[in-house]
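Trainee: The following comprises the amino acid sequence and a computationally predicted model.
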There are 2 protein chains.
Amino acid sequence: MSAVVPDGGTNVRRLSVASDRPVLAIDVGGTKISAGVVEPGGRFIAARRMVTPPELDAEQLWRTLEVLTGELLAEAGFDKPGALSGVGCGCGEPMDCVAGSVSPLGIPAWRDFPLLGRLGELFSGVPVRLRGDGICLTAGEHWRGAGRGTRNMLGVVVSNGIGGGLVLDGGLVSGQTGNAGHVGHVVVDPDGPECRCGGHGCLETIARGPALVAWAQGERPRYSLPQDEQWRPGQRDATARDLADDAGRGHAVAAAAMRRAGHALGVAIASVANLCELEVVAVGGGLAQAGPVLFGPLEEALRGHADISAPTGVRVVPASLGQDAGLIGAAAMILAADRYWPAR
Amino acid sequence: MSAVVPDGGTNVRRLSVASDRPVLAIDVGGTKISAGVVEPGGRFIAARRMVTPPELDAEQLWRTLEVLTGELLAEAGFDKPGALSGVGCGCGEPMDCVAGSVSPLGIPAWRDFPLLGRLGELFSGVPVRLRGDGICLTAGEHWRGAGRGTRNMLGVVVSNGIGGGLVLDGGLVSGQTGNAGHVGHVVVDPDGPECRCGGHGCLETIARGPALVAWAQGERPRYSLPQDEQWRPGQRDATARDLADDAGRGHAVAAAAMRRAGHALGVAIASVANLCELEVVAVGGGLAQAGPVLFGPLEEALRGHADISAPTGVRVVPASLGQDAGLIGAAAMILAADRYWPAR
């Protein structure tokens, strides 16, 4: 056990890493908000999860998070000062890690919301660390999940956006502003559509959930098939998960959309694997649960663009920690800071 | 000054980094072999350069290198045991950094040649370190060249192949086998031609020198231009440098070939910059001297695929150390090992 060096909202590297006190881990996403008390070995002592309330304003949502974590800590008996060794928080992107503010795609109420500062006020006296959900999934999967024991890993979150994180030479990479690993903006089609990042043909323009649904809806008129009754993407509020389900049931347009996404993912992953000599890629996020309709085309594209048969060939696997990956990664930024909290 | 820990041919991390003794730096390429004695601040005390003799067998070439370095050290007065703090060597790729053997594209005589072991025997008692020329250029440009003072940089060598290296969070990245930064195998055209790596549409298939020349020779019949008399790529032994010269003089096919290469480089660099949050990219190698006919299209493609106007936007610059970059980077693996000799 070591002294805890407060770094509040400053995100300064904490040199002491060992402690027998647990961490509060938080994961704020567009569909759910989770919090957990995590002991130094990475196991949950207590956890809570709730649906992200869609109708709240910025302050109401913050108050909801405050109540959720307060109740969790009281229930678990860690609500006294000094009971925690720190607080790690993951949040939907985009995010300004330097300012500590967040503007998650899935939470319109938070635009440049000063989440790191608020957490620093609420949990003063212990380190508070904030990173994107792609970074946290990567840290979690490397520390306790599919990438455990490897030294070079890419984590990918396929959801409304496509985020990620990079572990190289055994440690999480930070990059210029703490967002390195952003695989969603690797170019997979130089002549492709414009991306919200200002680029063209980024992986995200093809394989993020809403892009998949839009493509399928655009292709729909070209098909006339018996399965059309089951064609949920034709509905206005259809999601990429509906599309994946339909693809699994053999719907041609849905299957084509998943093939397109899987192919784009395979090309982007091959580029990163070739560049960084990756050992493993862990793919998580809602769409990763689509199974073979996504991973089949992904593997095929990967074989076409990377030498995966070599002894050093990359393996692509589904993230193994499920919905807990982000929380465990958030905890890792405190509990295994030597690997998951890069020096800035 | 510190004790020198011998790591001979084993490539083990050396923890002591400070020494007032110089380093022997070596750079073995297909066109030239260079060696220099470099003092701890990165300046040359003495240096020699020779054209790589094309007609020698593996042992004769090794003997040539042995004589070159022996004469250099004698001349500079560092031929006594203990006079050097170590030996850093860069060599053309591909390379097996784990086995310490090299098979440079431009040196057919060396196939799986055990260069690290030979150097370890010749310079026993001091650390000997070997990496690819793309890695060494990157280390050199980051330590003393165009990337100095930045923390996130890609080095690119555009030549007969396309190599590179990655500095992230202030240190050189190793990857699984010490070859990370291999930007030549980032995919820029998913439907593109097969690459010698087994993939398809890698940057290298389009922008490496021989690919450029082959493309221009294939396009040639479609043009009939006054400049045809000056059309050197039509000759059997034409090089990409000839092509660059012709492009500079306005030859349409040559200019189109350079545009194609610049565009591919821009797309690949954008992907890496987006992924890794790069600050700067230093482009070296023979083709980098082509100037605007290459860098113009490169910048244009980069603007189309990355937000370079952002405060964190990447800058692409020519490598600034010229022919010395590889030697200085080889020296950096010993003299600034904390940053340029990643823990394995």
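Mentor: Cool, the structure landed. Numbers count the residues shown, from 1 in each chain, chains lettered A, B, ... in the order given.
Trainee: Run a quick neighbour tally on the residue of the stretch 201-344 of chain A found nearest chain B.
Mentor: Per Cβ to the nearest Cβ, the residue of the stretch 201-344 of chain A with the smallest distance to chain B is A:E277, at 3.0 Å. All C-beta atoms are positioned from the backbone trio N, CA, C, and that covers glycine. A:E277 has 23 neighbours, counted by other Cβ atoms under 10 Å in any protein chain shown.
Trainee: contacting residues around the closest residue to it other than its chain neighbours?
Mentor: Once flanking residues are discounted, A:E277 sits nearest to B:G175: 3.0 Å by Cβ to Cβ, 6 or more residues apart in numbering or on different chains. When contacts are counted by Cβ atoms under 8 Å, 6 or more residues apart in numbering or on different chains, B:G175 touches A:N152, A:L168, A:D169, A:C276, A:E277, A:L278, B:G181.
Trainee: so B:G175 sits in a helix?
Mentor: No. Checked against DSSP: H, G, I helix; E, B strand; the rest coil, B:G175 lies outside a helix; its state is coil.
Trainee: Return the distance of it relative to A:V272.
Mentor: B:G175 sits 11 Å away from A:V272, going by Cβ to Cβ, to the nearest Å.
Trainee: Kindly report the same for A:G181.
Mentor: 9 Å.
Trainee: More neighbours: those two, which one.
Mentor: Neighbours were counted for A:G181 and for A:V272 using other Cβ under 10 Å; A:G181 has more, 31 against 27.
Trainee: thought that one was touching A:C136?
Mentor: No. Assessed by Cβ atoms under 8 Å, A:G181 is found out of contact with A:C136, at 10.8 Å.
Trainee: joint contacts of A:G181 and A:V272?
Mentor: A:L154, A:L166, B:L275.
Trainee: Looking at those residues, which one is closest to A:W62?
Mentor: Nearest to A:W62 among these is A:L166, at 30.2 Å by Cβ to Cβ.
Trainee: by contact count, what packs against the helix or strand containing the closest one?
Mentor: According to DSSP states H and E, A:L166 maps onto strand A:162-168. In terms of contacts (3 or more Cβ pairs under 8 Å, 6 or more residues apart in numbering or on different chains; DSSP states H and E), strand A:162-168 is packed against helix A:133-144, strand A:153-158, helix A:203-207, helix A:252-276.
Trainee: got CSV for the ones you listed, with mean pLDDT too?
Mentor: Output for these, formatted as CSV (pLDDT from 0 to 100):
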stretch, mean pLDDT
helix A:133-144, 98
strand A:153-158, 97
helix A:203-207, 97
helix A:252-276, 96
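Trainee: Any chance of CSV for those, columns distance to B:V283?
Mentor: Output for those, formatted as CSV (distance: least, Cβ to Cβ, whole Å):
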stretch, distance to B:V283
helix A:133-144, 29
strand A:153-158, 25
helix A:203-207, 24
helix A:252-276, 16
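Trainee: which residue sits closest to A:R118, ignoring its sequence neighbours?
Mentor: Nearest to A:R118 is A:W62, by Cβ to Cβ, 6+ apart, at 6.1 Å.
Trainee: which phi and psi does that neighbour have?
Mentor: Backbone geometry at A:W62, expressed as degrees, to the nearest 10, gives phi -60, psi -40.
Trainee: What separation do you get for it and chain B?
Mentor: 27 Å (Cβ to the nearest Cβ, to the nearest Å).
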